[in-house]
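In: following is a predicted model, sequence given first.
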Amino acid sequence: MVGTLIKTEQKQEHLWHALNRFNPETRPMVVSHGEGAWFTAESGEKYFDGVSGLWCLNLGHGQKEIVEAAANTMMNLSYSPLTLSHQPAIDLSAKISETLGASYKTFFANSGSEANETAFKIARQYHKQNGNPEKYKIISRYRAYHGTTLGALSATAQANRRMKYDPGVPGFLHVVPPYSYRCMFDKGGEGSDLIAADMLEQTIVWEGEETVAAVIMEPIISGGGVLVPSPKYLQRVQAICEKYDVLLIMDEVVSGFGRTGKMFGFMHSEGVQPDIVTMAKGLTSGYLPLGATAVQSYIYEKFKGDDQHDHFRHVSTYGGHPASCAVALKNIEIIEREQIVDRVEKLGNQILDRLRQLENLPYVGECRRAGFLCGIELVENKLTKAPASDEKVDFVIQECKKKGIIIGKNGDTVPGYSNVLIIAPPLISKEEDLQWVVDVVTEAIQKLV
Ligand code: PMP
């Protein structure tokens, strides 16, 4: 056993881990086994996964039906490109359209980043073929994360994450997010969210409406610190987009498939129906890679012109792999059959909402939550709202880890502002585990001095 461990350590030196500086002290733990919302490290320690892997393991480990769907599909059809067609992709595209509540056509890729890249290219080409060739700019919001490839990173407005790779792709701009806790106009609440929407409108006007192709946003900024806007914000954004013929791209990579207590995050805002919806993560609950870009049918119509160059000149070898599509279909079937979305809403309100009481503690500025997506903003001083130091934030994370719970924080957002603890447990987490997570996080924050 000791020999095996040493060998693993030696070999691990060849693995370039994500978001890590590899050195022996911070060696990422080797995860060997998972069950439900829990995983076991090679060392034998067991952890409750309070961030669902990377916010994706929504149905937890060991869903036998999903594994069988993958294996059966691979045995039957190991691969087929989507220049041809296959049944799992056909069925999944129809299911996605039904789930989104309007007529959508879906293009498949392998990840959230790719799904967003696909959306940007569709938006630009759509306007070119709709008589508005000057419309190319894509607007996103500060603190947003939209992916890791250069286009998606250009839409990502997190200074620390971008600084080594800038300049990004031309034509991407950013506006303020709805963030009532730190509203620069000191309004707070819904009023400040609506000002953020008005600033989007101003930006479109000042940039020249004839130059703006699309706005991309998550319904709730997740990795950028769990910023939960009032439902009216998205309604106003949609109205602005319609007014200026700007496509509204909804990044549902994190928020899709039940995470926020609705099937999709935009469904918290009545009447909102995005032009384009991008998905990944919860689409397969992380069992296999898959990204999807669903566009309303009227957009697709513009790709059917007689000119041979009018079709979408875009392909992904593995996008929409038969096994990934079969996994996604089974994943959605389980979400519906087990009424996971209702469960998230109910247990979120009953159990995770207790986290709001933390706002009475000296270092807690604000607790924000939607479904099983929670953000606890730590501050040094409740009056000045100065962000808590990295030491304080990391202390809480380490205290939870010592008790066997993995929680996260908004990583590389803005210099000095990695001060939001993030809890996003699997949607199948047991009630007693959720209660325990709230207790442990509370105790850890109470220890801050
Ligand atoms: N959009 C959002 C909102 C995300 O959180 C992420 C991933 N964390 C992405 C896009 C990119 O997804 P992927 O890592 O699958 O490329």
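Out: Arrived safely.

In: every contact and neighbour count from this point should use C-alpha atoms.
Out: Noted.

In: look up how far the ligand lies from residue 310.
Out: Per Cα to the nearest ligand atom, to the nearest Å, residue 310 is found 27 Å from the ligand.

In: how about stretch 174-183, does it get close to the ligand?
Out: No. If you take Cα under 6 Å from any ligand atom as the test, stretch 174-183 misses the ligand, and the best it gets is 13.9 Å.

In: just the CA atoms of that stretch, as CSV, please.
Out: C-alpha atoms of stretch 174-183 as CSV (Å, rounded to 0.1, in the frame of the first residue of the first chain):
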residue,chain,number,x,y,z
HIS,A,174,-18.6,44.5,-20.0
VAL,A,175,-21.3,46.2,-17.9
VAL,A,176,-22.0,46.3,-14.2
PRO,A,177,-23.9,43.3,-12.8
PRO,A,178,-26.9,43.5,-10.5
TYR,A,179,-25.2,43.5,-7.1
SER,A,180,-27.4,45.3,-4.7
TYR,A,181,-25.1,44.6,-1.7
ARG,A,182,-22.5,46.8,-3.4
CYS,A,183,-24.6,49.1,-5.5
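
In: so how far is it off the chain centroid?
Out: 18 Å (Cα atoms, centre = their mean, to the nearest Å).

In: now that stretch: buried residues?
Out: For stretch 174-183, the neighbour count (16 or more other Cα atoms under 10 Å) marks 174, 175, 176, 177, 178, 179, 180, 181, 183 as buried.

In: contact partners for the closest residue to the fifth one other than its chain neighbours?
Out: The shortest distance from residue 178 to any residue other than its chain neighbours is 4.5 Å, reached at residue 193 (Cα to Cα, 6 or more residues apart in numbering). Shown in contact with residue 193 (Cα atoms under 8 Å, 6 or more residues apart in numbering): 177, 178, 179, 180, 229, 230, 233.

In: figure out the helix or strand that residue 193 lives in.
Out: Assigning secondary structure by DSSP states H and E places residue 193 in helix 189-207.

In: anything in the helix or strand following that helix near the ligand?
Out: Note on helix 189-207: by DSSP H and E, the next helix or strand toward the C-terminus is strand 212-217. No. Against the ligand, strand 212-217 shows no contacts by Cα under 6 Å from any ligand atom, the least distance being 8.2 Å.

In: quick check: angle from strand 212-217 to helix 189-207?
Out: Angle of strand 212-217 versus helix 189-207, following axes from the mean of the first three to the mean of the last three Cα atoms, to 10 degrees, is 160 degrees.

In: what is strand 212-217 packed up against?
Out: Strand 212-217 sits against helix 112-128, strand 137-141, strand 247-251, with contacts defined as 3 or more Cα pairs under 8 Å, 6 or more residues apart in numbering; DSSP states H and E.

In: export those to JSON lines and append columns for mean pLDDT.
Out: Below are the helices and strands packed on strand 212-217 laid out as JSON lines (pLDDT from 0 to 100):
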{"stretch": "helix 112-128", "mean pLDDT": "98"}
{"stretch": "strand 137-141", "mean pLDDT": "98"}
{"stretch": "strand 247-251", "mean pLDDT": "99"}
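
In: which of the ones you listed sits most buried?
Out: Per residue and on average, the most neighbours among those fall to strand 247-251, with a mean of 27 (mean count of other Cα atoms under 10 Å).

In: quickly run through the sheet partners of that one, with directions.
Out: According to DSSP bridges, strand 247-251 forms sheet pairs with strand 212-217 (parallel), strand 276-279 (parallel).

In: quick check: mean pLDDT across the first one?
Out: Looking back up the chat, that one is strand 212-217. Mean per-residue pLDDT for strand 212-217: 98.

In: and that strand, how far out from the chain middle?
Out: Averaging C-alpha positions (Cα atoms, centre = their mean) puts strand 212-217 17 Å from its chain's average.

In: continuing past it, what's the next helix or strand?
Out: Taking DSSP H and E, what comes next after strand 212-217 is helix 231-243.

In: give me the residues contacting that following helix.
Out: 178, 190, 193-194, 197, 200-201, 214-215, 219, 247-248, 266, 268-272, 274.

In: kindly recompute the last result at 10 Å.
Out: For helix 231-243, contacts defined as Cα atoms under 10 Å, 6 or more residues apart in numbering pick out 178, 190-198, 200-202, 204, 209, 212-215, 217-220, 245-248, 266-275.
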